[in-house]
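Peer 1: Structure for this input, please:
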Amino acid sequence: MILSVEELQFLYRNRKILHDIAFSINEGEVVAILGPNGVGKTTLLKCLNRILRPKSGTVHLEGKNLFDLGSMEVARRIGYVPQRVETGRLTAFDAVLLGRRPHIKWDITEKDMQIVVSVFKLLSMEDMLLRYIDEMSGGELQKVAIARSLVQEPKILLLDEPTSSLDLRNQVEILATIRQIVLDHKIAAIMTMHDLNQALRYADRFIFLKGGKVHAHGGVEVITPQTIEEVYGLPVIIGEISGMRCVIPGRPAWDCSAGRVSSKS
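Peer 2: Numbers count the residues shown, from 1 in each chain. Reported below is the predicted structural model:
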């Protein structure tokens, strides 16, 4: 087991944002955290990365209490990709190289440089090496942030909506790459996501949050029309296309498109 969370609670100005959160993740697993906006998905990731300190509960990373570890030790073990990436007058290469900081003792080594270059190749980003990140699109910045987390060589990746700024092709490439890295390097990944179909395709287990609590947690068996409607307040149909399960939104009573008909010119 890489990570275990028990009875985690987080308060913001005396208002409970998360309470009684409990789950664990093993090496080789990808876990998707799902739920509507404002339910606490990003807050949970920040608690797991020690950006925020929970009011109570425990987080154990490879058997050690996360809050007993030094900041550099946490950085060597956890790679974090936020939703919004800060920019500056840095090349993509230098921005990604910063991810090696937890491993650098005296100076940058040839090994550090090689790891950075190999990650650029892995993510098909070679053409971005010397481009300045303050001149990049949101999607390109997201890829730089993912690359920076990978060069940390972490035991667990925390990704906050990692494909939110990416086009469809890049979404598939990035998620497939993350999935393969998790399997090849025997690490784990936790991703907050809004796209249930992408979650179904790339995650092993799913955590649905509702009202700051874990509403459902498990494998593909928890992806049911009932669970989704309870969490999102929207009826859905779950079917299969080309051997892949997919979630299709139903038509709620308030959908004003119910009476629309298509026309051919």
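
Peer 1: and the longest helix along the chain, what does it pack onto?
Peer 2: Among the elements of the chain assigned as helix by DSSP state H, the one spanning the most residues is helix 168-185. The helices and strands touching helix 168-185, judged by 3 or more C-beta pairs under 8 Å, 6 or more residues apart in numbering; DSSP states H and E, are strand 30-34, helix 138-151, strand 156-160, strand 188-192, helix 196-202. All C-beta atoms are positioned from the backbone trio N, CA, C, and that covers glycine.

Peer 1: Put together CSV for those, with distance to residue 112, mean pLDDT and mean neighbour count on each row.
Peer 2: Formatted as CSV, the entries for these read as follows, by distance: least, C-beta to C-beta, whole Å; pLDDT from 0 to 100; neighbours: other C-beta atoms under 10 Å:
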stretch, distance to residue 112, mean pLDDT, mean neighbour count
strand 30-34, 27, 97, 25
helix 138-151, 8, 89, 22
strand 156-160, 19, 95, 24
strand 188-192, 23, 96, 25
helix 196-202, 29, 95, 18
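
Peer 1: looking at those, which is closest to residue 73?
Peer 2: With distances scored as C-beta to C-beta, the stretch of the helices and strands packed on helix 168-185 nearest to residue 73 is strand 156-160 (13.1 Å).

Peer 1: Using PDB, list the CA coordinates for the closest one.
Peer 2: Output of strand 156-160 as PDB, limited to C-alpha atoms (Å, rounded to 0.1, in the frame of the first residue of the first chain):
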ATOM      1  CA  ILE A 156       2.400   8.900  -6.100                       C
ATOM      2  CA  LEU A 157       1.100  11.400  -8.600                       C
ATOM      3  CA  LEU A 158      -1.700  13.800  -7.600                       C
ATOM      4  CA  LEU A 159      -3.300  15.500 -10.600                       C
ATOM      5  CA  ASP A 160      -6.100  18.100 -10.300                       C
END
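
Peer 1: Run me through the strand neighbours of it, direction for each.
Peer 2: Strands flanking strand 156-160 in the sheet, each with its direction: strand 78-81 (parallel), strand 188-192 (parallel) (DSSP bridges).

Peer 1: before we move on, the earlier item: any chance of the helices and strands packed on helix 168-185 in CSV, plus distance to residue 231?
Peer 2: Formatted as CSV, these follow (distance: least, C-beta to C-beta, whole Å):
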stretch, distance to residue 231
strand 30-34, 7
helix 138-151, 26
strand 156-160, 19
strand 188-192, 14
helix 196-202, 10
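
Peer 1: Nice, that's everything, thank you.
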